[in-house]
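Undergrad: Turn this into a model:
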Amino acid sequence: MRNIENLNPGDSVDHFFLVHKATQGVTAQGKDYMTLHLQDKSGEIEAKFWTATKNDMATIKPEEIVHVKGDIINYRGNKQMKVNQIRLATTEDQLKTEQFVDGAPLSPAEYKKRFLIIARY
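TA: Modelled structure (predicted):
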């Protein structure tokens with residue numbers, strides 16, 4: 001899987017991402033669309049989902065993990081993803097939010113253990 005930071009215009013995408021932000025809009029032609037901010041551990045990218053349905057708008061929310069098929073384009077000098085297909089991750093995908101965000105390098109228990117050792121001195 002390629003990270004967001006390594007995606008370039010012209011690349012195709014077929015990956016899982018964490019939804020950081022999701023907003024709804026209506027085109028000048030009156031069609032619904034969504035602007036999503038998708039992330040992985042390497043960064044975030046804005047994604048446009050021009051064929052969003054009312055069901056998509058009701059279910060695709062921040063903190064959800066989604067599987068996206070799309071294309072990376074250059075829009076006004078910035079990388080942007082054009083979403084062709086999207087679905088929510090299922091339990092069968094066996095994914096956790098922690099896989100998409102930076103976390104501390106040690107577990108909370110390990111930090112507590114180290115703190116208590118240092119506190120004794």
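
Undergrad: Could you look up the SS state of L116?
TA: Secondary structure, DSSP: H, G, I helix; E, B strand; the rest coil: L116 is helix.

Undergrad: For burial, what's the neighbour tally of it?
TA: Per other C-beta atoms under 10 Å, the neighbour tally for L116 reads 9. To be clear about C-beta, it is placed using only N, CA and C from the backbone, and glycine gets the same treatment.

Undergrad: How about S12?
TA: Residue neighbour count, defined by other C-beta under 10 Å, stands at 10 for S12.

Undergrad: ok, now which ones touch it?
TA: Going by C-beta atoms under 8 Å, 6 or more residues apart in numbering, S12 touches K69, G70, D71, I72.

Undergrad: Can you check the pLDDT for the second one?
TA: I take that to be G70. For G70, the model assigns a pLDDT of 97.

Undergrad: Quick check: which helices or strands does the helix or strand where it lies pack against?
TA: For G70, the host element (DSSP states H and E) is strand 65-75. Packing partners of strand 65-75 (3 or more C-beta pairs under 8 Å, 6 or more residues apart in numbering; DSSP states H and E): strand 12-26, strand 32-40, strand 43-49, strand 78-88.

Undergrad: In the beta-sheet assignment, what are the partners of the spatially closest residue to F17 that is not a sequence neighbour?
TA: Counting by C-beta to C-beta, 6 or more residues apart in numbering, F17 lies nearest to L38, which is 3.8 Å off, once chain neighbours are set aside. Beta-bridge partners recorded for L38 (DSSP bridges): V19, I45.

Undergrad: L38 contacts V19, correct?
TA: Yes. Using C-beta atoms under 8 Å, L38 is in contact with V19, at 6.3 Å.

Undergrad: where do the contact lists of those two overlap?
TA: Joint contacts of L38 and V19 (C-beta under 8 Å, 6+ apart) are V66.

Undergrad: Compare these two and say which is more crowded by neighbours.
TA: L38 (27 against 22).
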